[in-house]
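*Asks:* using only what follows, build the 3D model:
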Amino acid sequence: MADTVVVFDFDRTIIDGDSDRWVIEEMGLTRLFNQLRRTMPWTSLMDRMTMELHSRGKTISQIADCLKRVPLHPQIIATIRSAHAFGCDLKIISDANKFYIQTILENHGLLGCFMEIHTNPTFVDEEGRLRIIPYHDYATSPHGCSLCPTNMCKGLIIEQIRALAYASGKKRFIYLGDGSGDYCPSLKLQEGDHVMPRKDYPLWERIFSNPTLVKAKVHEWNGGEELARILLHLMNRISDDENISTGDAMWSSSCACEVETMQVPSPAQTLNGLKCQKCFNN
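*Replies:* Predicted coordinates:
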């Protein structure tokens with residue numbers, strides 16, 4: 001599966017909720033957030049929230065401790081590890097921020113599974129405050145995409161990833177997301193690619209409002225268990241296609257099980273290949 005790139009959104013995809021809102025709610029910023037919500041762009045607002053935390057005496061370590069309480073579905077954790085173990089090139093494109101994403105992933109032992117994380121950069125300023133800045137600087141170098149927020153065009157990022165991936169022999173993409181910002185990169189996918197929109201969320205709604213615009217095959221999901229099951233199913237299918245094309249009999253391509261029977265493999269099963277639970281038991 002070395003020719004496969006799996007690209008994840010982060011909020012409401014890898015984690016079930018929103019990392020920005022988690023910090024806002026857990027650290028007592030909800031009232032200020034609601035007051036300022038419509039007065040500035042999202043990334044600027046998140047930077048304002050970290051300024052407020054600093055003014056209240058909250059440290060970066062305390063913010064990190066808050067983020068470490070963000071839960072991840074255990075089957076999503078297992079599936080990410082399995083995809084990484086079998087050579088998929090895993091990446092994240094997210095409108096969250098680097099500090100939040102890296103802290104959460106590291107806490108769950110997943111940071112090393114991802115080759116790249118494309119998100120809004122963070123740094124610590126001279127006062128010791130966490131700063132959050134836009135991925136695309138809309139003042140000096142606007143991306144020009146009408147589908148995306150001013151601070152990040154995920155479609156432009158996926159095009160850059162695809163160009164580098166093709167040069168290294170990676171030809172198949174799986175994209176997972178939920179939000180309206182995930183629509184632009186979904187339009188950049190090609191036949192033979194797969195897109196996994198979260199059901200009843202903005203990406204799903206936009207895709208199914210005119211499904212002919214998306215060339216990739218669409219697989220809807222809702223919740224961590226279904227995400228894991230469908231992604232594992234796709235990895236099984238892709239590995240079977242590779243085995244057929246190369247004549248490699250290492251993994252069985254005769255599995256007749258339906259997607260509903262697919263389960264995330266245990267570590268011991270991962271060492272023996274990506275298969276469904278029924279096949280492991282036979």
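*Asks:* how about the strands in the chain?
*Replies:* Per DSSP state E, the chain carries strands over the ranges 4-8, 89-97, 114-120, 122-124, 130-132, 172-177, 194-197, 217-218.
*Asks:* mind showing which ranges of this structure have poor pLDDT?
*Replies:* 1, 240-282 (pLDDT under 70).
*Asks:* and the gap between the nearest residue to T59 once chain neighbours are set aside and T50?
*Replies:* Leaving aside its chain neighbours, T59 sits nearest to G128 (7.7 Å; criterion: C-beta to C-beta, 6 or more residues apart in numbering). Bear in mind the C-beta positions are built from the backbone N, C-alpha and C, glycine included. G128 sits 11 Å away from T50, going by C-beta to C-beta, to the nearest Å.
*Asks:* who has more neighbours, the two?
*Replies:* Taking other C-beta atoms under 10 Å, G128 and T50 do not tie; T50 has more neighbours (23 against 9).
*Asks:* contacts only, for that one.
*Replies:* Going by C-beta atoms under 8 Å, 6 or more residues apart in numbering, T50 touches 63, 129-132.
*Asks:* closest to F10 out of those residues?
*Replies:* Proximity of the contacts of T50 to F10 (C-beta to C-beta) peaks at I132, which lies at 14.3 Å.
*Asks:* residues near the closest residue to the closest one other than its chain neighbours, how many?
*Replies:* Leaving aside its sequence neighbours, I132 sits nearest to D47 (C-beta to C-beta, 6+ apart; 4.4 Å). Neighbour count of D47, defined by other C-beta under 10 Å: 21.
*Asks:* ok, D47 touching D125?
*Replies:* No. Assessed by C-beta atoms under 8 Å, D47 is found out of contact with D125, at 10.5 Å.
*Asks:* which residues in the stretch 101-250 of the chain form helices?
*Replies:* Remark: helices assigned in the stretch 101-250 of the chain by DSSP state H, counting those that start in this stretch are 154-167, 183-188, 202-209, 224-246.
*Asks:* ranking those helices by burial, who's on top?
*Replies:* Highest mean neighbour count among the helices of the stretch 101-250 of the chain (mean count of other C-beta atoms under 10 Å): helix 183-188, with a mean of 22.
*Asks:* need the contact partners of that one.
*Replies:* Contacts of helix 183-188 (C-beta under 8 Å, 6+ apart): 7, 93, 145, 147-148, 153-155, 157-159, 162, 175, 177, 195, 197, 202-203, 206-207, 213-214, 216.
*Asks:* hmm, 10 Å instead?
*Replies:* With contacts defined as C-beta atoms under 10 Å, 6 or more residues apart in numbering, helix 183-188 is touched by 7, 9, 93, 143, 145-148, 152-159, 161-162, 173, 175, 177, 193, 195-197, 202-207, 209, 213-216, 218.
*Asks:* please report how far C145 lies from I76.
*Replies:* According to C-beta to C-beta, C145 stands 29 Å off from I76.
*Asks:* out of the helices of the stretch 101-250 of the chain, which comes closest to T103?
*Replies:* Comparing those by C-beta to C-beta, helix 224-246 comes nearest, at 19.6 Å.
*Asks:* I14 contacts A228, doesn't it?
*Replies:* No. Using C-beta atoms under 10 Å as the test, I14 is too far from A228 to be in contact (11.1 Å).
*Asks:* quick check: neighbours shared by the two?
*Replies:* Counting by C-beta under 10 Å, 6+ apart, the shared contacts of I14 and A228 are 73, 76-77, 80.
*Asks:* hang on, the earlier thing: now for D47 and D125: what residues contact both?
*Replies:* R131.
*Asks:* and I80, what does it touch?
*Replies:* I80 touches 6, 8, 14, 72, 88, 90, 105, 108-110, 113-114, 228, 231, 264, counting by C-beta under 10 Å, 6+ apart.
*Asks:* out of these, which are buried?
*Replies:* 6, 8, 14, 72, 88, 90, 105, 108, 110, 113-114, 228, 231, 264 (16 or more other C-beta atoms under 10 Å).
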